[in-house]
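Enquirer: Here is the input, now give the coordinates:
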Amino acid sequence: MSGDGRGPFPSADQLAARARRNVRAARPRFPVTRDEGERVARAFFEASASGDVAGLRTLLADRVTLSSDGGGRVLAFVNPIRGLERLLRLYAGARRKWGDGRAALVGFVWIDGLPGYVTRERGGLLQTTALAIENGRVDAIYITRNPDKLHHVARAVAAGPGPGDAAGPAARRS
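Expert: Okay, here's the model as predicted:
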């Protein structure tokens with residue numbers, strides 16, 4: 001029974017109120033500065049691309065979560081990966097499996113208000129990685145590999161840097 005006594009389903013008002021609370025709760029409590037975000041994004045890219053597990057350990061929060069979206073079209077994790085130790089094992093295993101097959105960095109960008117970067121992965125696949133940072137550590141990693149969601153990034157990469165765009169073509173998405 002819902003709180004209004006009309007049956008087992010909550011009212012639209014209750015659903016809307018819950019949704020607003022959840023959205024407010026999901027906002028970063030301490031927005032990261034542009035300089036700090038870019039510093040952490042660069043350090044994370046270098047550590048993850050080179051397999052530097054010790055470096056990753058200093059960057060990642062204990063409760064870090066990695067989520068990825070391949071849209072069913074490209075390889076991605078089906079479920080979020082949670083926890084520092086699991087993520088460290090993931091990155092160490094990827095390094096063992098693929099060796100120095102580093103992703104090619106396209107540029108550092110801001111994605112939906114989060115610092116991150118665009119890479120070209122093996123096989124030419126574009127990928128964005130956004131980092132939620134809290135208290136100086138990466139709390140969440142959002143990887144998008146779904147080509148349907150990256151059309152605008154592909155167009156920006158193909159267009160090349162604009163005038164005065166030292167950070168690369170994808171930086172215009174910020």
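
Enquirer: which residues are in contact with the helix or strand residue 43 falls within?
Expert: Per DSSP states H and E, residue 43 falls inside helix 34-50. Helix 34-50 has contacts (C-beta atoms under 8 Å, 6 or more residues apart in numbering) with 32, 52, 55-56, 59, 91, 95, 102-103, 105, 108, 110, 114-117, 119, 129, 131, 133, 136, 138. From N, CA and C alone the C-beta is placed, and that goes for glycine too.

Enquirer: List only buried entries from those.
Expert: 32, 52, 55-56, 59, 91, 95, 102-103, 108, 110, 114-117, 119, 129, 131, 133, 138 (16 or more other C-beta atoms under 10 Å).

Enquirer: Which members of those residues occur in strands, if any?
Expert: If you go by DSSP state E, these have 108, 110, 114-117, 119, 129, 131, 133, 138 in strands.

Enquirer: give the contact list for the residue lying closest to residue 106 once chain neighbours are set aside.
Expert: Spatial nearest neighbour of residue 106, chain neighbours left out: residue 118 (4.1 Å); criterion: C-beta to C-beta, 6 or more residues apart in numbering. Neighbouring residues of residue 118 by C-beta under 8 Å, 6+ apart: 105-107, 109, 126-129, 153, 157, 168, 170.

Enquirer: again, but for residue 70
Expert: Counted by C-beta under 8 Å, 6+ apart, residue 70 has contacts 76, 145-146.

Enquirer: how close does it sit to residue 127?
Expert: For residue 70, the distance to residue 127 equals 10 Å [C-beta to C-beta, to the nearest Å].

Enquirer: okay, and the common contacts of the two?
Expert: residue 145.

Enquirer: and residue 80, how far is that from residue 65?
Expert: Taking C-beta to C-beta as the measure, residue 80 falls 5 Å from residue 65.
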